[in-house]
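**Q** could you look at this predicted model? Sequence included:
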Amino acid sequence: MAETPASNLDAAVGLTAESLSPGRLAFRRFLTHRAAVVSVGILVLLILWVLLSPLTARYGVNEQVFDISQGPNQNLPPASFAWFGTDIIGRDVYSRVLYGVRVSLIIGLASAVFSLALGSLIGAVAGLKGGLFDDVVMRVTDVFLAFPFLVALLVVRNMFGAVGWVTFLVGEPSSVRFMVFLFAVFGWMGVARVLRAQVMSLKEREFVEAARALGASNARIIMRHLLPNSIGPMLVALSLGVVGAIVSEATLSLFGYGPDPGTGATSLGLMVAGSKSAVRAGYWWLALYPFAALLVITLCVSFIGDGLRDAFDPKHGGAR
Amino acid sequence: MLRYTLRRAVWLLPTLLLVTFLVYVALRLGTDPVASYRRTNIRASKKKIDQYIAANGLYSGAFGYIRGYFKWLWGFVTLDWPRSIKGSREVWPHLKDALANSLRLGLVASFIGILVGNALGVLAALRPGRLRDTLVNSSALVGLAVPPFVSALLLQLFFAVYWQKWFGYALFPVSGVYPAGHQGFDLFLMLKHMALPVVVVSIQSIAVYSRYMRASLLDVLNSEYMRTARAKGISERRVLVHHALRNALIPVTTLAFLDVGAVVGGLIITEGLFEYPGMGRFFLVAYSNGDFPELMPWMVLIIGSVVVFNLLADIAYAKLDPRIRLG
C-alpha cells in the first residue's frame, strides 16, 4: 500500500520521528550507564583473550616452565619466563589462569542458561495458572532459599551423588557436568520467583486478555506474549546466575567439593583452592592473579546486570 | 494481630516436621550413616552393625525411612541423642560451644552491618544521582561482587604474612577463638581473633543494607505523602526523621530479622577459612566425616531458627506497617 497522505504531509513539514520500540529504548538507557558499558567492553576483551589463549599462554596446563633438573622451578615469583609466577609444582600461573577462566566461564554460562530456561518456564506457568502448582513451587523455593546456600548445595550434592540414575545421566559428583546440573537445580528457583511476579502483573494486562479472547492456549500465551515481555528480568537473572555459578564453583572447590575437570584442564575454583595454603606461606602471586580474574568477571557481570536492571525498569534504582 | 500471630504460629510445627523429614531423607541418602559407621569401626562385626542399625532406626526402604524418622524424632525430643560416629562423643556440648561462637561473631557483624549500612544508605538516598550516591552505590556493588573467600584470604595474606614480615609481629591472628592451648576467658584476645572474620562478614552486610536502605528510602521520598508533609509546613528535619525514615525502616527491619535468624547457621566460608570453631565449621567437619548424628541436630537448629525468625519478621512487618491488612 502506498503511503497515506497524512504521513506525506508530516514528511513535508518535517514532522517525522524515528519510532522507538521498548527494546530500543532500553538499549539507549543501557548506553547511558557508563559502568555497565565499560564492563561489557572489558568482558568482551577478557573472553577474546581467553579464546585466543594459545597465542599468549606459552605453557600447557600441566606443563612445568622448565625442568626441575635445571634448578628450582617451584613457587617462583613473577618473572619474564612466567609472567604470573609459578605454582607449587613449577607450572606457569598465567597459562593456568587463562585455561581456568575458560572452564569457569563455561560452567557459569551453562548453569545460568539451564536455570534460566527451567526457572522462567516454571515461574511463568506458576504465575499464570496459580493454584496448587503455584503453591507447591513457591513453598519449595521458600524452604531452599531460607537455608544457608552452601549447606543446601553440599547436602543436595551428596544426595544426588548417591542416586544411581542421576550419576548415570550427569556423571560423578566431581565432574563438570554434575556441577552444572547442581547449579541449575538451585538456580531455577531465584529465576522462577522473579518471573512469577512479572507474569502475575503482566497477565492482567489487555494484550494477554486480547490473546485469550482470540483463543490462544496457555502455552502460546506464555511463549509468545509473557516470556518476550519479561526479557528484562530474564537478562538480569541470567547475569546473576553466571556470577552465582562461578562463585559457587570456587567456593565448593575451596572446601574440596568442586569439580575435577580432568587432567589437562583446571578451573578458577581449583586455583583459588590451591591459593588457600599458599597465602599463609606468603606466595601472593598464587592468590592474587586467580582472584583478579575472578573479580574481573564477577564485577563486570554485576555492573552489566545493574545496567540492564536500570535499562529495562527505569523506575527503580540508578540516578533519576 | 493476635489472631494472625496465632494462625501463623499453628503452622510452625507442621512446617518444622515436614522440613526436618525432607532433610532427614536427604542426609540419610547423602551421607549413608551405616557406611560411615563401618568406615570408622572397621572391625565391627555384622552383629554389631545390625545392632547399630536397630538402635538408631536406620532401616532401609521407603517405609523404613518414615519409620526411622519417627524413631529419630522421638529420640531427639526426649533428648536421647545418639553419639557422633567419629569419636563417639556427645553432640550437644560441642554444638552448644559452636553456637555460642557463631552467635558472637554473627551478631557483632550484623550489628556493624545494620548500623553502618543503613547510615550509608540514608546518606546516598538523600542526594540521589550525586557523587555521594554514586560512591555508596558502586562500592556496595563492588562489596557484593567480592566473594567472602577473596576478602578473607587477602586479609590473611596482609595481616598474617606481610605484617609479620614488615613489622616483626602479627597484628591479627588468623585462626581460632584463642591461641592454641589457651585456657579461660580473655576478652581482649577474643576480640583480636574475631577482628578479621568480622571485617569479612561486615563488608557483605554493609553492602546489602546500604543498597536496601537506599532503595527503600528513595521509594518513600518519592511518595505523595512526603509532599503533603512538606506542604503542611513541617520542618525538613522532622519530615525526614518522622515521615521518611520511619517508613523506610519497615522493609529494612524485616531484612534484619531474617539476617539474625540466619546467624545461627554460622558463616560457613568465613569460619572455614579462619578455622573459627562456630556452627559453620561444625557443619563442614561433620559433613566431611559423614557424621549423621551430628548433622541432624545442627540442621534442626538452623531450620528452627530460620522458620521462627521468618515468622517474627512477618509479624514485625505487619505491626510496623498499619497499611498491611492481615488475612
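**A** Right, received. Where do you want to start? Numbering: from 1, shown residues only, chains lettered A, B, ... in the order given.

**Q** enumerate the residues of the stretch 51-200 of chain A near chain B.
**A** Near chain B, the residues belonging to the stretch 51-200 of chain A are A:143, A:146-148, A:150-151, A:154-159, A:161-163 when assessed by CB under 8 Å from any CB of the partner chain. C-beta here means a position set from N, CA and C on the backbone, and glycine is covered the same way.

**Q** can you tell me which of these are in helices?
**A** In helices, defined here by DSSP state H, the members of these are A:143, A:146, A:150-151, A:154-159, A:161-162.

**Q** nearest spatial neighbour of the residue of the stretch 101-250 of chain A found nearest chain B, chain-adjacent residues omitted?
**A** For the stretch 101-250 of chain A and chain B, the shortest gap (CB to the nearest CB) falls at A:Asn158, measuring 3.0 Å. The shortest distance from A:Asn158 to any non-neighbouring residue, by CB to CB, 6 or more residues apart in numbering or on different chains, is to B:Gly30 (3.0 Å).

**Q** for that neighbour, what are its contacts?
**A** For B:Gly30, the contact set (CB atoms under 8 Å, 6 or more residues apart in numbering or on different chains) comprises A:155-159, A:161-162.

**Q** for chain B, give me the ranges with low pLDDT.
**A** Within chain B, the ranges that satisfy pLDDT under 70 run B:266, B:324-327.

**Q** how's it carved up into domains?
**A** Taking automatic domain parsing as the reference, chain B has its domains at B:2-77, B:92-326.

**Q** the last one close to chain A?
**A** Which is domain B:92-326. Yes: using CB under 8 Å from any CB, we find that domain B:92-326 touches chain A at B:128-129, B:133-134, B:138, B:141-142, B:144-147, B:149-150, B:153-154, B:156-157, B:160-162, B:165, B:174, B:215, B:262, B:265-266, B:268-269, B:272-273, B:280, B:283-284, B:287-288, B:302, B:306-307, B:310.

**Q** check contacts around residue 116.
**A** I went with chain A, as the question did not name one. Here A:Leu116 is in contact with A:187, A:191, A:234, A:237-238, A:241 (CB under 8 Å, 6+ apart).

**Q** please refer instead to chain B.
**A** So B:Val116 contacts B:202, B:206, B:209-210 (CB under 8 Å, 6+ apart).

**Q** how about stretch A:155-170: buried residues?
**A** Neighbour counts over stretch A:155-170 (16 or more other CB atoms under 10 Å in any protein chain shown) mark A:155-162, A:166-167, A:170 as buried.

**Q** how many other residues sit next to A:Val242?
**A** Here the count is done by other CB atoms under 10 Å in any protein chain shown, and A:Val242 has 27 residues near it.

**Q** can you confirm it is in a helix?
**A** Yes: under DSSP: H, G, I helix; E, B strand; the rest coil, A:Val242 falls within a helix.

**Q** ok so, going back, out of the domains of chain B, the one nearest A:Tyr283 is which?
**A** domain B:92-326 (9.2 Å; CB to CB).

**Q** if we can go back for a sec, please, a PyMOL command that selects the buried ones among the residues of domain B:92-326 next to chain A?
**A** In PyMOL syntax, the buried subset of the residues of domain B:92-326 next to chain A is picked out as below (16+ other CB under 10 Å):
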select buried, chain B and resi 128+133+141+142+144+145+146+147+149+150+153+154+156+157+160+161+174+215+262+265+266+268+269+272+273+280+283+284+287+302+306+307+310
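
**Q** thinking again about what came up before, which among the domains of chain B is found nearest to A:Thr56?
**A** Comparing the domains of chain B against A:Thr56 with CB to CB, the closest turns out to be domain B:92-326 (24.3 Å).

**Q** low-confidence stretches in the stretch 151-300 of chain A?
**A** A:262-264.

**Q** okay, helices next: where are they in it?
**A** Along the stretch 151-300 of chain A, counting by DSSP state H, counting those that start in this stretch, helices occupy A:164-170, A:176-202, A:206-213, A:218-220, A:231-254, A:268-281, A:284-312.

**Q** give me the angle between the second one and helix A:206-213.
**A** Interaxial angle, helix A:176-202 versus helix A:206-213 (axes from the mean of the first three to the mean of the last three CA atoms, to 10 degrees): 100 degrees.

**Q** what's helix A:176-202 packed up against?
**A** Contact here means 3 or more CB pairs under 8 Å, 6 or more residues apart in numbering or on different chains; DSSP states H and E; on that basis helix A:176-202 packs against helix A:93-129, helix A:131-146, helix A:149-162, helix A:164-170, helix A:231-254.

**Q** and the angle for that helix with helix A:231-254?
**A** Using the same axes, to 10 degrees: helix A:176-202 against helix A:231-254 is 150 degrees.

**Q** now helix A:176-202: buried residues?
**A** Buried, per 16+ other CB under 10 Å, within helix A:176-202: A:176, A:178-196, A:198-199, A:202.

**Q** so which strand or helix has whichever residue of the stretch 101-250 of chain B sits closest to chain A?
**A** Per CB to the nearest CB, B:Gly129 is where the stretch 101-250 of chain B lies closest to chain A, at 3.3 Å. Using DSSP states H and E, B:Gly129 is not contained in any helix or strand.

**Q** same check on the one 4 residues further on?
**A** When elements are defined using DSSP H and E, B:Asp133 is found to belong to helix B:131-145.

**Q** need the contact partners of that helix.
**A** Looking at what lies outside helix B:131-145 - CB under 8 Å, 6+ apart - the contacts are A:35, A:243, A:295, A:298-299, A:302-303, A:306, A:319, B:120-121, B:123-125, B:127, B:203-204, B:206-208, B:210-211, B:214.

**Q** now, of these, which are buried?
**A** Buried among the contacts of helix B:131-145 by 16+ other CB under 10 Å: A:35, A:243, A:298-299, A:302-303, A:306, B:120-121, B:123-125, B:203-204, B:206-208, B:210-211, B:214.

**Q** reformat the helices of the stretch 151-300 of chain A as CSV; add distance to B:Gly106.
**A** Listed next are those as CSV, based on distance: least, CB to CB, whole Å:
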stretch, distance to B:Gly106
helix A:164-170, 34
helix A:176-202, 23
helix A:206-213, 45
helix A:218-220, 45
helix A:231-254, 18
helix A:268-281, 23
helix A:284-312, 24
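
**Q** residue contacts, the closest residue in space to A:Val50 that isn't next to it in sequence?
**A** Closest residue in space to A:Val50, ignoring its immediate chain neighbours: A:Val101 at 5.0 Å, by CB to CB, 6+ apart. Counting by CB under 8 Å, 6+ apart, A:Val101 touches A:46, A:50, A:268, A:293, A:297.

**Q** out of the residues you listed, who has the most neighbours?
**A** Ranking those using other CB under 10 Å puts A:Leu268 first, with 29 neighbours.

**Q** just to revisit the earlier point, biggest separation within the contacts of A:Val101, which pair?
**A** For the contacts of A:Val101, the farthest-apart pair by CB to CB is A:Leu46 and A:Leu268; their separation is 12.1 Å.

**Q** list the contacts of A:Val301.
**A** Contacts were defined as CB under 8 Å, 6+ apart; by that measure A:Val301 touches A:39, A:43, A:239, A:242-243.

**Q** reformat the contacts of A:Val101 as TSV; add distance to A:Gly60.
**A** Formatted as TSV, those follow (distance: CB to CB, whole Å):
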residue	distance to A:Gly60
A:Leu46	21
A:Val50	15
A:Leu268	17
A:Ala293	18
A:Ile297	23
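
**Q** and which of those is nearest chain B?
**A** Closest approach between these and chain B, by CB to the nearest CB: A:Ile297, at 9.2 Å.

**Q** from A:Ala265, how far out is the residue nearest to A:Val50?
**A** 12 Å (CB to CB, to the nearest Å).

**Q** same check, this time on B:Met1
**A** When B:Met1 is compared with A:Ala265 (using CB to CB), they lie 59 Å apart.

**Q** show me which of the two is the more surrounded one.
**A** A direct count of neighbours by other CB under 10 Å for B:Met1 and A:Ala265 places A:Ala265 higher, at 17 against 9.

**Q** ok, the more buried one touching A:Val103?
**A** Yes: between A:Ala265 and A:Val103 there is a contact at 5.9 Å, judged by CB atoms under 8 Å.
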